[in-house]
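# generate a structure from the sequence data that follows.
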Amino acid sequence: MAAVTSPETSPQPRVYFQTVAAGSTEEPEIPVRKQGRVTVKYDRKELRKRLNLEEWIIDQLTVLYNCEEEAIPELEIDVDELLDMPSDDDRGARVKDLLVDCYKPTEDFVSDLLDKIRGMQKLTTPQKK
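Okay, here's the model as predicted:
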C-alpha cells in the first residue's frame, strides 16, 4: 500500500511505502543507490597550461635520460610543490635533487622549467560557497 499526496493537497514531497503481502516469499526489492558524482570546476586555461607543461617535462626527461617514456626512472616533479617554494633557487635545488641520477647536464632543463612555471597558479580544489 502506498500513501500518496497530490500537489494540490500538500506542498510536501511524496512519500511511498512498499509492503509485501502476508505469506509472500518474495523478498522486497532493495533500491540500488547510485554513486554521486562530484564535479570540480577548474580554470580550463590553467589546466591546459598544466597539461602542456607536463607533456613538455616528459619530452625533456626522455631526452635527458635517453630513453622512452616508459623507461624514465620513477621520479615526480610536483609543480604545486615547486610553486609553494619561496624562491627560484629553492625550486631549482629541488628539481636538481630529483634529477641526481641523470648523467646528462640538467641546468638547461631546470632553468627552462623554472621559466615555464613562473606565473602559473596552484591547482587547488575550489571551496563550496
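# okay, and for this protein, where does confidence drop off?
For the chain, residues meeting the criterion pLDDT under 70 lie at 1-42, 124-129.
# can you show me the helices along it?
Taking DSSP state H, the helices of the chain run over residues 44-64, 79-84, 88-98, 107-117.
# what are the buried residues along the longest one?
Buried positions in helix 44-64, judged by neighbour count with 16 or more other Cβ atoms under 10 Å: 49-50, 53, 57, 60-61, 64. Quick note: C-beta positions are derived from backbone N, CA and C, even for glycine.
# same question, the third one
Of the residues in helix 88-98, 91-92, 94-95, 98 count as buried by neighbour count, 16+ other Cβ under 10 Å.
# how about the shortest one?
By neighbour count on 16+ other Cβ under 10 Å, the buried set for helix 79-84 is 79, 82.
# let's have the helices of the chain in CSV, adding distance to I72.
What follows is these, written out as CSV (distance: least, Cβ to Cβ, whole Å):
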stretch, distance to I72
helix 44-64, 5
helix 79-84, 17
helix 88-98, 12
helix 107-117, 13
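# out of the ones you listed, which gets nearest to P73?
helix 44-64 (8.7 Å; Cβ to Cβ).
# who touches that closest one?
68-69, 72, 77, 79, 99, 102, 104, 106, 109, 112-113, 116-117, 120-121, 123 (Cβ atoms under 8 Å, 6 or more residues apart in numbering).
# mind checking how far N66 is from Y103?
According to Cβ to Cβ, to the nearest Å, N66 stands 9 Å off from Y103.
# quick revisit: tell me which two in the buried residues of helix 44-64 are the farthest apart.
Most distant of these, by Cβ to Cβ, are K49 and L64, 22.0 Å apart.
# which non-adjacent residue is nearest C102?
L64 (5.3 Å; Cβ to Cβ, 6 or more residues apart in numbering).
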